[in-house]
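Novice: Fold the following.
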Amino acid sequence: MNRKFKIPFALTILTLALVGCSSNKVKVEKVKPNPVPKITEITGIAPVFSQSVSSSSEKDPLRLQLDANNGTVFVADPKGKVIAYQGKQRLWEKKVSKLGLSAGVEAANNLVIVGNTKGELFALDQSTGEQMWTAQLPGAILSPSLVINNLVITVSNDGTVTANSVADGQQVWAYALPQVQFSLRGNASPVAIDDRAIVVASSNAYVYVIDSLTGTPLMQRRVALSDGRSEIQRLNDIDGDPVVVGQFLVTTSYQGQVTVLNLADQQVVWSENSSSTKRPEVVGNGVFVASTDGKLTAYEITSGQKLWENDQLLNRKLSNPVMLGTNLIVGDLDGYLHIVDPSSGMLVGRSKTSGEVRSLRVIDNQLYVATQKGAVSVWQNR
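Specialist: Predicted coordinates for the structure are as follows:
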């Protein structure tokens, strides 16, 4: 029987600390996060919306994200509710799963899409919250879906990529990614390359380009390597969403590399050692990566040249970095939103929310923040 084990990220770090130790009395030193750096010049961002939902487990890295469509903000509560806000007004609230929610929100085609750990995919009407359909997928849903070509594309925990009809939830096609015995808990969301092709990243450090209409594989390419001695040390997941910029596909991997792939000829343009479970940010000629040890690094997209590296936030469990206007922003374990000068890597300001920052998104020049403690908020530049 081929069994696949999903390992929480925090447990993986502890396991790596113990690998190779033969003594029965092993002292594991707890890594302390750097103190919040002092900055002399404060540049701030201002909240325009904030609400609270249920908190999620500190050990379970749920990536429940906010989404917005047609002026409405959609929020998923880990306890199983979906809520819609217009401004500060609550339009509707719907309980969709007694088992809670572990993935979402994706809002498109007048639908709100969320999922749970039992593989149930739910589609709600954006205007009313009415449940339009439910589909049963073969594995837990741990990352948001993608809506493209009237299909909802979802990657399940078991490595199955499934396309369900927007109209009624019926399965249109399914594609099975290769199985690995061990992987981190979580996976990347599918990402559109153009109006038809999508890219899916897997736990075996490969990326797969798939025809969204038919499920036909168009390309597969390994983009990362890990050379550890044990199965745990060789974990090489791609959990952060890939980023497509023109002909370039940018990926990060755990215990692997940040890699830029040329989609035109399927060749790796450059690859640099970096361990990250977060989506990179790519703006202009810059590739910005938040690593698992808390370093924030900028690379030049065509050459891989390191432009700068900031190590002031070591071990602060950084979120994915995003660009808001002309500022780079990254969240941390204490809810700080650090504002970084993208040209130099210097910290130039900060704001504060509540709880470990799990998801940052920028939609229509506003920052959407979700935390482990259930603080959901929207921010803008002052």
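Novice: going forward, measure contacts between C-alpha atoms and count neighbours the same way
Specialist: Noted.
Novice: got a list of what the closest residue to Thr371 other than its chain neighbours touches?
Specialist: In this structure, Thr371 finds its nearest non-sequential neighbour in Val357, 4.3 Å apart by Cα to Cα, 6 or more residues apart in numbering. Shown in contact with Val357 (Cα atoms under 8 Å, 6 or more residues apart in numbering): Leu318, Ser319, Gly331, Asp332, Leu333, Asp334, Gly335, Tyr336, Val369, Ala370, Thr371, Gln372.
Novice: what's around the fifth one, how many residues?
Specialist: Other residues lying near Leu333 total 19 when counted by other Cα atoms under 10 Å.
Novice: returning to that earlier point: now, among the contacts of Val357, which is nearest to Gln266?
Specialist: The nearest member of the contacts of Val357 to Gln266, counting by Cα to Cα, is Ser319 at 29.0 Å.
Novice: On the pLDDT front, check that closest one for me.
Specialist: What the model reports as pLDDT for Ser319 is 98.
Novice: do you know how far the residue lying closest to it once chain neighbours are set aside is from Val207?
Specialist: What sits nearest to Ser319 in space, not counting adjacent residues and going by Cα to Cα, 6+ apart, is Gly331, at 5.0 Å. Distance from Gly331 to Val207, counting by Cα to Cα, to the nearest Å: 27 Å.
Novice: Who has more neighbours out of those two?
Specialist: Between Gly331 and Val207, counted using other Cα under 10 Å, the more crowded position is Gly331 (31 against 23).
Novice: Would you confirm that that one contacts Ser351?
Specialist: No: Gly331 sits out of contact with Ser351 when judged by Cα atoms under 8 Å, with a separation of 9.5 Å.
Novice: joint contacts of those two?
Specialist: Common neighbours of Gly331 and Ser351 (Cα under 8 Å, 6+ apart) are Leu337, His338.
Novice: Show me what Thr162 is bridged to.
Specialist: In this entry, Thr162 is beta-bridged to Thr154, Ala174, by DSSP bridges.
Novice: and it, how many neighbours does it have?
Specialist: Look at Thr162: counted by other Cα under 10 Å, it has 22 neighbours.
Novice: rewinding a little: make JSON lines from the contacts of Val357 and add distance to Val243 and secondary structure to it.
Specialist: Listed next are the contacts of Val357 as JSON lines, based on distance: Cα to Cα, whole Å; DSSP: H, G, I helix; E, B strand; the rest coil:
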{"residue": "Leu318", "distance to Val243": "18", "secondary structure": "coil"}
{"residue": "Ser319", "distance to Val243": "16", "secondary structure": "coil"}
{"residue": "Gly331", "distance to Val243": "19", "secondary structure": "strand"}
{"residue": "Asp332", "distance to Val243": "22", "secondary structure": "coil"}
{"residue": "Leu333", "distance to Val243": "24", "secondary structure": "coil"}
{"residue": "Asp334", "distance to Val243": "27", "secondary structure": "coil"}
{"residue": "Gly335", "distance to Val243": "25", "secondary structure": "coil"}
{"residue": "Tyr336", "distance to Val243": "25", "secondary structure": "strand"}
{"residue": "Val369", "distance to Val243": "19", "secondary structure": "strand"}
{"residue": "Ala370", "distance to Val243": "20", "secondary structure": "strand"}
{"residue": "Thr371", "distance to Val243": "22", "secondary structure": "strand"}
{"residue": "Gln372", "distance to Val243": "24", "secondary structure": "coil"}
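Novice: Show me how to select, in PyMOL, the buried members of the residues you listed.
Specialist: Applying 16 or more other Cα atoms under 10 Å to the contacts of Val357, the buried members can be selected in PyMOL as follows:
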select buried, resi 318+319+331+332+333+334+335+336+369+370+371+372
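Novice: Identify, from the contacts of Val357, the entry nearest to Arg221.
Specialist: Set against Arg221, the nearest of the contacts of Val357 by Cα to Cα is Ser319 (26.4 Å).
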